[in-house]
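Asks: Based on what follows, work out the 3D shape:
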Amino acid sequence: MALKGAPELRRRLKAIKTVFKPVGKEWTDKAAAEARRHLSQSVASGKTLASVKRKNASMTKASIKGRFPVNFIDAGVRAHDITAKKGSVLRFEQGGQAFFRKKVHKRAVPARPFKKATRDAAWREVDLIRDLVELWNRAA
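Replies: Model prediction:
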């Protein structure tokens, strides 16, 4: 028994496998832009803002990346002490003046969570169903 329309069905099923890559690119670009918007309210460094961008968008996954401090902005930081690892004292400058200390206490910084909200907002903007239907119809 032969299945009528088998080649068309095979083409359509193959097309479905390819839908995630363009959708993933669109999602990561929107999520990165939204993350930069959130970060611009709390970050003075242009390096941190510029580092938030698409890491990859393949057939199986999509992700964005950013500098390590982005994680601290999202999760916050507990109060902690910093001691010298090399040598006996820490040296740092503030206002053009050098300071030497054996230990420095860093205050806690509250969390400003944005990653999950950014991810969800960007996903709501991407129309996966529309792209899936277009690919299905074009493949026939």
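Asks: Need the residue closest to the centroid of the chain.
Replies: Closest residue to the average C-alpha location of the chain: residue 64 at 3.2 Å, with CA atoms, centre = their mean.
Asks: That residue contacts residue 55, correct?
Replies: Yes - judged on CB atoms under 8 Å, residue 64 makes contact with residue 55 at a distance of 5.8 Å. C-betas here are computed from N, CA, C, even on glycine.
Asks: who touches both of the two?
Replies: residue 28 (CB atoms under 8 Å, 6 or more residues apart in numbering).
Asks: how about stretch 125-140 as PDB, C-alpha atoms only?
Replies: Listed next in PDB are the C-alpha coordinates belonging to stretch 125-140 (Å, rounded to 0.1, in the frame of the first residue of the first chain):
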ATOM      1  CA  GLU A 125       6.900  38.800  21.100                       C
ATOM      2  CA  VAL A 126       8.100  35.900  18.900                       C
ATOM      3  CA  ASP A 127       5.300  34.200  16.900                       C
ATOM      4  CA  LEU A 128       6.400  30.600  16.700                       C
ATOM      5  CA  ILE A 129       3.100  29.300  15.400                       C
ATOM      6  CA  ARG A 130       3.000  31.800  12.500                       C
ATOM      7  CA  ASP A 131       6.500  30.800  11.400                       C
ATOM      8  CA  LEU A 132       5.700  27.100  11.800                       C
ATOM      9  CA  VAL A 133       2.500  27.400   9.600                       C
ATOM     10  CA  GLU A 134       4.500  29.400   7.000                       C
ATOM     11  CA  LEU A 135       7.200  26.800   6.800                       C
ATOM     12  CA  TRP A 136       4.600  24.000   6.600                       C
ATOM     13  CA  ASN A 137       2.700  25.700   3.700                       C
ATOM     14  CA  ARG A 138       5.900  26.600   1.800                       C
ATOM     15  CA  ALA A 139       7.300  23.000   2.000                       C
ATOM     16  CA  ALA A 140       4.300  21.400   0.300                       C
END
